[in-house]
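Visitor: I would like the atomic coordinates for the input below:
(one chain, ligands or ions: 1)
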Amino acid sequence: MSTIRFDAAMSRRVESAYTTPDVVEQRRVVVGALSLQPGERVLDIGSGPGFLACEMASAVGASGSVTGIDPSEHMLALAGERQAPAHVTFRPGNASDLPFADAEFDVVTSTQVYEYVADMPRALAEAHRVLRPGGRALIATWAPIDRRPMMKVGFDSLAEALPQLSPPAKGDLQQPEQCEREMTQGGFRDVAAQAFTASMHVASAEHYLRVLERAGGPIVVLKEKLGPEAWAQARVRILAAVSRRIPEGGADLAAEALLTVGVR
Ligand SMILES: C[S@@+](CC[C@H](N)C(=O)[O-])C[C@H]1O[C@@H](n2cnc3c(N)ncnc32)[C@H](O)[C@@H]1O
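Guide: Residues are numbered from 1 along each chain as shown. All right, here's what the predicted structure looks like:
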């Protein structure tokens with residue numbers, strides 16, 4: 001399990017990171033895979049900055065509803081800035097103890113959240129409980145770092161430039177077999193996991209590093225920790241390391257996610 005704290009600064013970073021083209025494309029695929037129908041009631045667990053909830057709201061229309069829950073008050077505040085339509089609601093809640101009655105929803109989604117949940121089997125059982133019989137669930141998680149050059153270039157460059165830093169924690173639900181096993185054990189049927197890859201074009205090493213400074217968790221944390229002067233020195237070394245990984249003329253950097261669907 002990853003132990004990131006979604007405080008005000010980290011919440012802003014996620015909001016920024018989740019507007020990059022690869023994540024925008026992932027949301028489009030998630031909404032398509034759900035085949036949402038007008039009038040359906042959707043729960044988005046760990047709704048974060050609220051982008052997915054708002055996109056699903058268009059698909060279910062005003063006769064349906066989308067409820068986003070998140071334990072982070074900072075994320076809820078960002079979601080509140082989305083100018084969501086009236087049939088979208090954001091409220092506090094935890095995946096492990098969903099504040100809803102049994103069978104309240106037609107669809108449950110959760111994207112890049114179960115990596116952070118302490119008791120994942122319990123959280124999956126909760127997602128199953130609040131779905132009506134026949135209701136659909138879709139869980140999205142990140143693939144292992146080796147299949148995400150979009151992030152790996154940054155991690156490897158950091159490790160090369162500043163070898164004293166500890167490596168990032170490995171997340172859960174990174175293999176299709178594990179996703180399918182956990183969801184089946186959570187009570188879902190017709191479970192299937194598939195890999196989905198989206199890419200972002202970076203024009204140069206400098207461009208990539210600027211994206212990371214705006215949105216890449218470990219780099220932003222490091223930059224804040226070092227302060228302006230030490231960061232300026234570290235940045236030169238990191239940029240040199242990134243330059244060894246991004247060719248002249250730029251590169252398309254992929255990020256693979258796993259989308260696991262199941263039915264109650
Ligand atoms: C990487 S963000 C993803 C946000 C959103 N699902 C998206 O795809 O845009 C992870 C989110 O999971 C939330 N989260 C962390 N632990 C959680 C838990 N136990 N239950 C529900 N949400 C949780 C965080 O507050 C954060 O908003």
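
Visitor: other residues contacting the helix or strand that contains Pro121?
Guide: Element membership for Pro121 (DSSP states H and E) is helix 120-130. In this structure, residues lying in contact with helix 120-130 by C-beta atoms under 8 Å, 6 or more residues apart in numbering are 1, 43, 45, 95-98, 100-105, 108, 110, 114, 117, 137, 139, 172-173, 182-183, 185-188, 264. The way it works is simple: take the backbone N, C-alpha and C, and place the C-beta from them, glycine included.

Visitor: filter those residues to the buried ones?
Guide: 43, 45, 95-96, 98, 104-105, 108, 110, 114, 117, 137, 139, 172-173, 182-183, 186, 188, 264 (16 or more other C-beta atoms under 10 Å).

Visitor: sitting in helices, which of those residues do you find?
Guide: 182-183 (DSSP state H).

Visitor: got the residues of the protein near the ligand?
Guide: 6, 14, 18, 45-49, 51-52, 70-72, 75, 94-96, 111-113, 116-117 (C-beta under 6 Å from any ligand atom).

Visitor: just the buried members of these?
Guide: Buried among the residues of the chain next to the ligand by 16+ other C-beta under 10 Å: 6, 14, 18, 45-49, 51-52, 70-72, 75, 94-96, 111-113, 116-117.

Visitor: out of the buried ones among the contacts of helix 120-130, which are inside strands?
Guide: 43, 45, 105, 108, 110, 137, 139 (DSSP state E).

Visitor: for the chain, which helix or strand comes out least confident on mean pLDDT?
Guide: Ranking every helix and strand in the chain by mean pLDDT, DSSP states H and E puts helix 8-17 at the bottom, with a mean of 70.

Visitor: list the buried residues for that one?
Guide: Neighbour-count burial for helix 8-17 [16+ other C-beta under 10 Å]: 10-15, 17.

Visitor: tilt between the helix holding Pro121 and strand 105-111?
Guide: Per axes from the mean of the first three to the mean of the last three C-alpha atoms, to 10 degrees, the angle that helix 120-130 makes with strand 105-111 is 150 degrees.

Visitor: pLDDT on helix 120-130, on average?
Guide: Mean pLDDT, computed over helix 120-130, is 96.

Visitor: in the chain, what residue lies closest to the ligand?
Guide: Gly48 (2.4 Å; C-beta to the nearest ligand atom).

Visitor: let me know the pLDDT of Arg148.
Guide: For Arg148, pLDDT reads 91.

Visitor: quick one: strands adjacent to the one helix or strand Ala195 maps to?
Guide: Here Ala195 sits within strand 189-202, counting by DSSP H and E. With DSSP bridges as the test, strand 189-202 is paired with strand 251-263 (antiparallel).

Visitor: any idea how far the strand it pairs with is from the middle of the chain?
Guide: Computed by C-alpha atoms, centre = their mean, to the nearest Å, the separation of strand 251-263 from the middle of its chain amounts to 10 Å.

Visitor: tell me the average confidence for that strand?
Guide: Per-residue scores along strand 251-263 average to 95.

Visitor: before we move on, what about stretch 73-83?
Guide: 91.

Visitor: and the contacts of it?
Guide: 6-8, 10-12, 14-15, 47-51, 53-54, 68, 70, 88, 90-92.

Visitor: again with stretch 35-45
Guide: Counting by C-beta under 8 Å, 6+ apart, 52-53, 56, 59-61, 63-69, 93, 95, 98, 100, 104-111, 113, 123, 127, 130 sit against stretch 35-45.

Visitor: what's near enough to touch the residue nearest to Ala140 when sequence neighbours are not counted?
Guide: In space, and not counting its chain neighbours, Ala140 is closest to Thr111: 4.0 Å by C-beta to C-beta, 6 or more residues apart in numbering. Neighbouring residues of Thr111 by C-beta under 8 Å, 6+ apart: 26-27, 30, 44, 46, 52, 139-140.

Visitor: and what of Val66?
Guide: Val66 neighbours (C-beta under 8 Å, 6+ apart): 42-44, 53-54, 56-57, 60, 87-89.

Visitor: no further queries at this time; thank you.
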